[in-house]
Each structure stands twice: as C-alpha cells, then as structure tokens.
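**Q** Need coordinates for the below:
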Amino acid sequence: MPSTFGAVHLAHEFLAAQVRKGDICIDATAGRGKDTVFLCGLVGEEGRVIAFDVQPEAIESTKALVEEKGFGSIAEIHLDSHENVDRYAGEGTVSAVVFNFGWLPGGDHTKHTNTASSLTALEKCLKLLKFGGVMSLSIYYGRDTGFEEKDAILKYISSLPVGEFAVVVSEFANRPNCPPISVRIYKTDL
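**A** Below is the predicted model of the structure:
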C-alpha cells in the first residue's frame, strides 16, 4: 500500500480492475497528467486516452509526462473544458472516465473546476460511457466554491436512475480538513 493512501489510490485501483487493452478512456481533468499516463498504461497501444484541461500549465505538464513515459501515440490532450467532451468521443464508446474536481495540484488555488461546467461534463460523460463502462470522481472541496460544487455533484449522482447506474460514494472518516470524496459509478448493462 502507498504511504499516502488517498483518493488517487482508490481511483487507480478501481480503474485498473475495469479498463482493458484497446479501450477508449477520458481524463476529464488532466491536471499534472498522472491519471492520463495511468490510463495510457491500461489501454496500451491499441487504445486511446482523451485528456482535457482549461489551464495551459496543466496541459504542458500532462504533455511532458505523457512524452516522458512514451505514451504520445496513445494520448490526445486538449486545452478545452471538459464540458465539451462530447466533441471528442461518440455516445456509448468510452470505457472509463476519470474526474478530479477542485484545483490543479501545486497550482493557483483560485483557479478550480466550477459547478456548472462540472455538472454538464458529468451528464455528457455518462452518455459517452458504453454499457459496463465506469466513472471515477475524486472530489476535492476545501475552498469557497468547492462546497457548492461538492454538494451539487453529490445531489446529481444520487438522482441517477437505479436501473441504469450503480453509484458508490466513499469518504475518509479519520482525516481532518475536508478530505476528498471518492465516487465510483458503474453504467449497468441490464
């Protein structure tokens, strides 16, 4: 187990159990590129990972890490909002989506995801998922607007139809200062 067991570990463990070689995956909040690279390793040369971020600094970090790890032919990295995700993938074609809501690690904390675009992106990504596809959400919410976004996301996912989706929410009970919330969503193939 890693020395800092957290939301990223939970997300990667979940995704590793679901994603297969040749899959199409989306990193809706590329950040520093760690999830993009992780997904590239899972889908292999036969697959594709589409990554988004609105911050040029995040795009530069992601591109550099992708190239360093040798995944340049697998990853598509876009300086665009995740709310435009449906421009890059077709409905029912995506095996996995990963979101990290909040701010860029090590970046300017006044720049963060926002409720309106995050909810739009979530709704679109659920349509892009194929049956049996999954979504991982890590919700970091310790800032002024973070609580609003957290509450809106949790409300939205709790209203998803039971026959179409299974939603699991995990919280760290023994961590101080607004620990991240980890969410796993399964698009059922019933």
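
**Q** where does this structure dip in pLDDT?
**A** Regions of the chain meeting the criterion pLDDT under 70 cover residues 1-5, 103-112, 143-145, 176, 190.

**Q** Do you have the strands of it handy? List them.
**A** Along the chain, counting by DSSP state E, strands occupy 24-27, 48-53, 75-79, 94-101, 129-139, 165-171, 181-187.

**Q** Which one of these lies nearest to Leu119?
**A** Of all these, the one in closest proximity to Leu119, counting by CB to CB, is strand 94-101 (10.5 Å). For every residue, glycine as well, the C-beta is placed using N, CA and C.

**Q** The closest one packs against which elements?
**A** For strand 94-101, the elements it packs on are helix 7-18, strand 24-27, helix 34-43, helix 115-128, strand 129-139, helix 146-158, judged by 3 or more CB pairs under 8 Å, 6 or more residues apart in numbering; DSSP states H and E.

**Q** got those as TSV, with distance to Val98 and mean neighbour count columns?
**A** Listed next are the helices and strands packed on strand 94-101 as TSV, based on distance: least, CB to CB, whole Å; neighbours: other CB atoms under 10 Å:
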stretch	distance to Val98	mean neighbour count
helix 7-18	6	17
strand 24-27	5	28
helix 34-43	5	23
helix 115-128	10	19
strand 129-139	5	21
helix 146-158	14	16
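
**Q** Turn the ones you listed into JSON lines, columns for distance to Glu67.
**A** Formatted as JSON lines, the entries for these read as follows, by distance: least, CB to CB, whole Å:
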{"stretch": "helix 7-18", "distance to Glu67": "21"}
{"stretch": "strand 24-27", "distance to Glu67": "16"}
{"stretch": "helix 34-43", "distance to Glu67": "10"}
{"stretch": "helix 115-128", "distance to Glu67": "26"}
{"stretch": "strand 129-139", "distance to Glu67": "24"}
{"stretch": "helix 146-158", "distance to Glu67": "31"}
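
**Q** do you know which of these lies nearest Ala166?
**A** Distances from Ala166 to each of those were compared by CB to CB, and the smallest falls on strand 129-139, at 9.6 Å.

**Q** Quick check: can you name the pairing partners of that closest one and their directions?
**A** Strands flanking strand 129-139 in the sheet, each with its direction: strand 94-101 (parallel), strand 181-187 (antiparallel) (DSSP bridges).

**Q** so the shortest one versus helix 146-158, what angle?
**A** Using axes from the mean of the first three to the mean of the last three CA atoms, to 10 degrees, one finds that strand 181-187 and helix 146-158 are set 30 degrees apart in direction.

**Q** could you check the angle helix 115-128 makes with strand 181-187?
**A** Compare the direction of strand 181-187 with that of helix 115-128 by the same axes, to 10 degrees and you get 30 degrees.

**Q** returning to that earlier point: can you tell me which of the strands paired with strand 129-139 is most buried?
**A** Among these, the stretch with the highest mean neighbour count (mean count of other CB atoms under 10 Å) is strand 94-101, at a mean of 26.
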